[in-house]
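Chemist: The following block contains a protein sequence and its predicted model.
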Amino acid sequence: MPEGLLLLTVLAAQRLYELVLSRKNTAALMAKGGVEFGAGHYLPLVAFHSIWLLGLLVLGWDQPVSRLWLAVIVVMQAGRFWVMHSLGERWTTRVIVLPGVPPVKTGLYRLMKHPNYVVVGVEIAAVPLALGLRTYAMVFLLLNLVVLGIRIKAEDKALRWAANPELAKP
């Protein structure tokens, strides 16, 4: 199996696992009174990540994998799992908060406000770079900055509301 295909297959399997886990966690959060923010941007976000991965499959499946960039990807995966572990059942691909429940301040969240977006942002560039697709990496890195601007705004609004749920949901 070509190295590029192996890398992308592992990433695709991981993403499918994350969607299953997210669905489970979303149901649990909603059953506890969770409130979703930014639902309108969720499908475009999923489409963005799907197009990113499908494009990589088309362009990079037969490419060798740079060991340097693979190391960066492995470190980012460790960060991803640390974030998921820190959030526990509060980890989801959606923006869902529990009213009156403070944000997580353990793990990477002790060091920064949005560590998952750092991990995802680096990965958006590192995977194509690992496959020698520099222009692809740059285009999707820039597009991801736009997506993250929308996403972080929704998440910050959700966290402010969760801290003060007696206010009307914005």
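Modeler: Okay, I see it.
Chemist: Can you show me the strands along the chain?
Modeler: Shown for the chain, the strands assigned by DSSP state E span residues 35-37, 95-97.
Chemist: nearest to residue 138, of those strands?
Modeler: Each of the strands of the chain has some distance to residue 138 by CB to CB; the shortest is strand 95-97, at 27.2 Å. In this view, the C-beta of every residue, glycine as well, is placed from N, C-alpha and C.
Chemist: Listing partners with orientation, what would you give for that closest one?
Modeler: Strand pairing for strand 95-97, using DSSP bridges, gives strand 35-37 (antiparallel).
Chemist: Identify the residue nearest residue 62 in space, chain neighbours excluded?
Modeler: residue 2 (4.8 Å; CB to CB, 6 or more residues apart in numbering).
Chemist: now do residue 57
Modeler: Computed as CB to CB, 6+ apart, the closest residue to residue 57 that is not its neighbour in sequence is residue 8, at 5.4 Å.
Chemist: burial of the one you found, as a residue count?
Modeler: When neighbours are defined as other CB atoms under 10 Å, residue 8 has 22 of them.
Chemist: Identify the residues contacting it.
Modeler: Neighbouring residues of residue 8 by CB atoms under 8 Å, 6 or more residues apart in numbering: 53, 56, 57, 60, 61, 127.
Chemist: what about burial for those residues, which qualify?
Modeler: Among those, those classed as buried by 16 or more other CB atoms under 10 Å are 56, 60, 61, 127.
Chemist: Identify the farthest-apart pair in those.
Modeler: With distances taken as CB to CB, the most widely separated pair in these is 61 and 127, at 12.2 Å.
Chemist: now the most centrally placed residue in the chain: how far from residue 129?
Modeler: Nearest to the mean C-alpha position of the chain, counting by CA atoms, centre = their mean, stands residue 120 at 5.1 Å. Noted for residue 120: a distance of 15 Å to residue 129, by CB to CB, to the nearest Å.
Chemist: Residue 85: neighbour count?
Modeler: 12.
Chemist: pLDDT wise, what is the residue lying closest to it once chain neighbours are set aside at?
Modeler: Counting by CB to CB, 6+ apart, residue 85 lies nearest to residue 107, which is 6.7 Å off, once chain neighbours are set aside. As predicted, residue 107 sits at a pLDDT of 92.
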